[in-house]
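Participant: After the sequence you'll find the predicted model.
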Amino acid sequence: MPNGLKIVGAVLIFVALVVIGSRVYGFVIEEGDLSASLADIQARLTKAETDAANLQEESRYLANPVNLEKELRARFNYKRPGETMIIIVPPQNASATPTGTAAHP
């Protein structure tokens, strides 16, 4: 085999190896990106499953009329017709003195 053909063959093999190597490198980089995306999606799925379980639990709790009324009263100041609601507001500052009086030691 002449020397020129050996050089051309070696160059072709080298070019083929470079092309294959660059493709393998691209696949490795893409695999890393896909792994990161998969981890993010799995974390979001786990959170969604937890949220769904919490919603089902809350739905079961609120399905009981007694619990529903308790939550309506607590969250929305719900009262039945004819009931009177009294709201007790705690003082702003426990050490504050009422207006018009002086603190005595």
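Facilitator: Ah, there it is.
Participant: Which of the three states applies to Arg80?
Facilitator: Secondary structure, DSSP: H, G, I helix; E, B strand; the rest coil: Arg80 is coil.
Participant: Could you count how many residues lie near it?
Facilitator: When counting by other CB atoms under 10 Å, one arrives at 8 neighbours for Arg80. Quick note: C-beta positions are derived from backbone N, CA and C, even for glycine.
Participant: need the contact list for it.
Facilitator: Residues counted as contacts of Arg80 (CB atoms under 8 Å, 6 or more residues apart in numbering): none.
Participant: Distance of it relative to Arg73?
Facilitator: 9 Å (CB to CB, to the nearest Å).
Participant: which outside residues touch stretch 26-35?
Facilitator: By CB under 8 Å, 6+ apart, stretch 26-35 touches no other residue.
Participant: could you give me the average pLDDT of that stretch?
Facilitator: Here stretch 26-35 scores 94 as its mean pLDDT.
Participant: try stretch 43-63
Facilitator: Stretch 43-63 comes out at a mean pLDDT of 96.
Participant: Would you mind writing the CA trace of it as CSV?
Facilitator: The C-alpha coordinates for stretch 43-63 follow below in CSV (Å, rounded to 0.1, in the frame of the first residue of the first chain):
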residue,chain,number,x,y,z
ALA,A,43,-39.5,16.7,43.0
ARG,A,44,-42.4,18.6,41.6
LEU,A,45,-44.4,15.3,41.3
THR,A,46,-43.7,14.4,44.9
LYS,A,47,-44.9,17.9,46.0
ALA,A,48,-48.0,17.5,43.9
GLU,A,49,-48.7,14.1,45.4
THR,A,50,-48.3,15.5,48.9
ASP,A,51,-50.6,18.5,48.1
ALA,A,52,-53.2,16.1,46.7
ALA,A,53,-53.0,13.9,49.8
ASN,A,54,-53.4,17.0,52.0
LEU,A,55,-56.4,18.2,49.9
GLN,A,56,-58.1,14.8,50.2
GLU,A,57,-57.5,14.8,53.9
GLU,A,58,-59.0,18.3,54.2
SER,A,59,-61.9,17.3,52.0
ARG,A,60,-62.7,14.3,54.2
TYR,A,61,-62.5,16.6,57.3
LEU,A,62,-64.8,19.2,55.8
ALA,A,63,-67.3,16.6,54.6
